[in-house]
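S.K.: Just a sequence and a predicted model for now, questions to come.
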Amino acid sequence: MESLKKNSDFKNCYNTGKSFVNKYLVLYLCGNGLGKNRIGISVSKKVGNSVVRHRVTRLIRETCRLHEHELSDGYDIVIVARVRAKETGFFIIEDSFLRLARKAGIIRPSDSAKPGS
């Protein structure tokens, strides 16, 4: 999975993509036509000092890394941490991300979910 680096890529996702929100994260999603996903993570100064912001960023990045095989390909995904994210741990961030991904419809159907498997 690649990272979104350019400000123009972030702006494109904000302006043309769909957004999905929960208590801890906001997920922006737009197609990229590349056949692979690109992830961008944004944590504003409102969340906390640089140590707190970097911790939240690492939690989100690790969640994306662990679940990248479950996501459909061909999307730019921007994840914005909300202020409440600083008070949480990994499992809450992971759960929030997975709920948003399901709401956005980018989770691939799992093979184990089929009857008779």
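M.R.: Cool, got the structure.

S.K.: Where does Phe8 fall, secondary structure wise?
M.R.: Small correction: residue 8 is Ser, not Phe. The secondary structure element spanning Ser8 is helix 7-16 (assigned by DSSP states H and E).

S.K.: With Leu59 instead?
M.R.: In this structure, Leu59 sits in helix 50-67 according to DSSP H and E.

S.K.: Next, the contact list for Gly33, please.
M.R.: By Cβ atoms under 8 Å, 6 or more residues apart in numbering, the residues touching Gly33 are Gly74. Where C-beta positions appear, they are placed from N, C-alpha and C, glycine not excepted.

S.K.: so what does whichever helix or strand comes after the helix holding Leu59 touch, helix or strand wise?
M.R.: Along the chain past helix 50-67, the next helix or strand (assigned with DSSP H and E) turns out to be strand 75-81. For strand 75-81, the helices and strands in contact under the criterion 3 or more Cβ pairs under 8 Å, 6 or more residues apart in numbering; DSSP states H and E are helix 7-16, strand 25-31, strand 38-42, helix 50-67.

S.K.: of all the ones you listed, which lies closest to Thr88?
M.R.: For those, the distance to Thr88 is smallest for helix 50-67, at 8.1 Å, taking Cβ to Cβ.

S.K.: angle of the closest one against strand 75-81?
M.R.: Here the directions of helix 50-67 and strand 75-81 differ by 140 degrees (axes from the mean of the first three to the mean of the last three Cα atoms, to 10 degrees).

S.K.: List the buried residues in helix 50-67.
M.R.: Within helix 50-67, the residues that count as buried by 16 or more other Cβ atoms under 10 Å are Val52, Arg53, Val56, Thr57, Leu59, Ile60, Thr63, Cys64.
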